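Asker: quick one, fold the following:
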Amino acid sequence: QVHLVESGGGLVQAGGSLRLSCAASGRTISTYTMGWFRQAPGKEREFVVVISWGGRTTYADSVRGRFTISRDNAKNTMYLNMNSLKPEDTAVYYCAASISYRGTYYPNDFEFWGQGTQVTVSS
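Answerer: As a prediction, this is how the structure comes out:
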């Protein structure tokens, strides 16, 4: 069982930056595929970015070039650096982990989830 806790969310003006962290406990995440999803009010949870255990990354078109995912397996932590934030990035951001990742971008491909952290971007 992997327990995930996100932090780093907050309120930022458009064009600003935030860094989200996802601290894992219970098991080492070095062999897990990790990802970030987000959910805005009234919308479905959507894929943001995934990073494989080997470091390969895939980004949603909406964030490519602005967001950067990274992982520090020694600290059992994953990060999401978000730059050039836009009001449409406002959402609750969730980190997720999968030991049996099938290569999709759907939430149900991830077995473990954090509680989420709110990111609000004002215009």
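Asker: now the residue nearest the centre of the chain: which helix or strand?
Answerer: Nearest to the geometric centre of the chain sits Trp36, at 2.2 Å (CA atoms, centre = their mean). According to DSSP states H and E, Trp36 maps onto strand 33-39.
Asker: residues making contact with that strand?
Answerer: With contact meaning CB atoms under 8 Å, 6 or more residues apart in numbering, strand 33-39 is reached by 20, 22, 45-53, 69, 71, 78, 80, 89, 91-99, 101, 107, 110, 116, 119. (Glycine included, C-beta is placed from N, CA and C.)
Asker: low-scoring stretches of this protein, by residue?
Answerer: Per-residue confidence for the chain (pLDDT under 70) gives no ranges below the cut-off.
Asker: go with 90
Answerer: 1, 100-105 (pLDDT under 90).
Asker: ranges for the strands of it?
Answerer: Secondary structure of the chain (DSSP state E): strands at 3-7, 10-13, 18-25, 33-39, 46-51, 57-59, 67-72, 77-82, 91-98, 112-113, 117-122.
Asker: and the gap between the closest residue to the residue nearest to the centre of the chain other than its chain neighbours and Lys86?
Answerer: For Trp36, ignoring the flanking residues on the chain, the nearest one in space by CB to CB, 6 or more residues apart in numbering is Val48 at 4.2 Å. Counting by CB to CB, to the nearest Å, the gap between Val48 and Lys86 amounts to 13 Å.
Asker: now do Glu44
Answerer: On the measure of CB to CB, Glu44 and Lys86 end up 19 Å apart.
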